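J.: Sharing a sequence plus its predicted fold:
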Amino acid sequence: MSVEPLLKVNGLTKMYGARIGCADVSFDLWPGEVLAIVGESGSGKTTLLSCLSTRLEATSGSVEYHMRDGAYRELSRLTEAERRFLMRTDWGFVHQNPADGLRMTVSAGANVGERLMAIGHRRYGEIREAASDWLSRVEISPTRIDDQPRAFSGGMRQRLQIARNLITGPRLVFMDEPTGGLDVSVQARLLDLVRGLVHDLGLSAIVVTHDLAVARLLSHRMMVMKDGHVIEQGLTDRVLDDPREPYTQLLVSSILQV
Ligand SMILES: Nc1ncnc2c1ncn2[C@@H]1O[C@H](COP(=O)(O)OP(=O)(O)O)[C@@H](O)[C@H]1O
Ligand SMILES: [Mg+2]
């Protein structure tokens with residue numbers, strides 16, 4: 001069986017009136033590949049991620065997704081029911097702020113189990129067991145299964161959000177600054193965890209970050225954005241060790257505050 005891209009992106013553009021959100025972005029994402037989108041604040045990272053994940057409607061261009069049945073579908077042409085099904089099963093979305101991706105006033109176990117129920121799991125014992133297993137995998141003690149995320153630290157909340165996303169076995173996970181709000185020591189541990197899970201599960205991921213260290217640690221390939229345009233892309237080590245564009249050179253040498 002030949003390997004084909006999971007995502008084929010062509011000329012993706014989002015305008016906010018006359019202002020450019022992102023412009024003419026094209027790339028393929030391969031199964032098992034982690035792509036980092038980097039750039040300073042306002043460069044269009046979140047806009048691009050939102051368009052890719054159908055949270056925002058693009059102005060022009062196309063995003064084709066390789067469905068489990070082997071067919072490519074243009075995402076903007078999915079029905080609302082198909083789109084929601086993808087969001088609940090095949091895709092994960094990890095928000096920078098865990099409160100945006102969790103239900104803060106239901107238990108950790110329910111937060112994780114809910115996604116299984118959404119895809120048809122009905123047996124309480126099995127759901128609870130799977131939830132407990134996933135809490136362990138993200139280094140949360142299963143004894144906390146009945147606690148609400150309100151009672152968790154920032155790092156724990158973020159790990160819970162990751163468990164909630166991964167329990168359905170998604171093929172593609174979108175992450176927007178997944179370590180953004182965390183202390184440096186907590187960030188390092190979370191990055192290690194994410195890197196291990198992505199590798200073990202063979203996930204594809206698109207990670208938005210302004211932090212080149214995050215890109216270095218997590219991604220195989222990266223795209224550098226400036227003013228809505230991708231100005232350089234390539235293998236992460238190549239871009240970081242031998243940046244071609246003057247702007248990327250500035251980013252890498254940390255002269256630019258990002
Ligand atoms: N909802 C919006 N309405 C109008 N302009 C927006 C909106 N969201 C983002 N923008 C503009 O689009 C550009 C890219 O923003 P954004 O995607 O948030 O960048 P980043 O995530 O890299 O900080 C910026 O100029 C920003 O001001
Ligand atoms: Mg952003």
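T.: Structure received. Ligands and ions are numbered 1, 2, ... in the order given.
J.: Enumerate the positions of stretch 92-101 that are buried.
T.: By 16 or more other C-beta atoms under 10 Å, the buried positions in stretch 92-101 come out as 92, 93, 94, 95, 96, 98, 101. Bear in mind the C-beta positions are built from the backbone N, C-alpha and C, glycine included.
J.: ditto for stretch 71-84
T.: Buried residues in stretch 71-84, defined by neighbour count with 16+ other C-beta under 10 Å: 75, 78, 83.
J.: that older thread, farthest-separated two in the buried residues of stretch 92-101?
T.: 92 and 96 (14.2 Å; C-beta to C-beta).
J.: Let me see the confidence value for the spatially closest residue to residue 121 that is not a sequence neighbour.
T.: Spatial nearest neighbour of residue 121, excluding adjacent residues (C-beta to C-beta, 6 or more residues apart in numbering): residue 127 at 5.5 Å. Residue 127 carries a pLDDT value of 95.
J.: Residue 127 against residue 116, yeah?
T.: Yes. Using C-beta atoms under 8 Å, residue 127 is in contact with residue 116, at 5.3 Å.
J.: quick one, helices of the stretch 101-250 of the chain?
T.: Taking DSSP state H, counting those that start in this stretch as the criterion, the stretch 101-250 of the chain carries its helices at 108-118, 124-137, 154-166, 184-201, 212-218, 236-241, 246-252.
J.: Please convert those to CSV, extending it with mean neighbour count.
T.: Below are the helices of the stretch 101-250 of the chain laid out as CSV (neighbours: other C-beta atoms under 10 Å):
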stretch, mean neighbour count
helix 108-118, 21
helix 124-137, 17
helix 154-166, 24
helix 184-201, 16
helix 212-218, 20
helix 236-241, 17
helix 246-252, 17
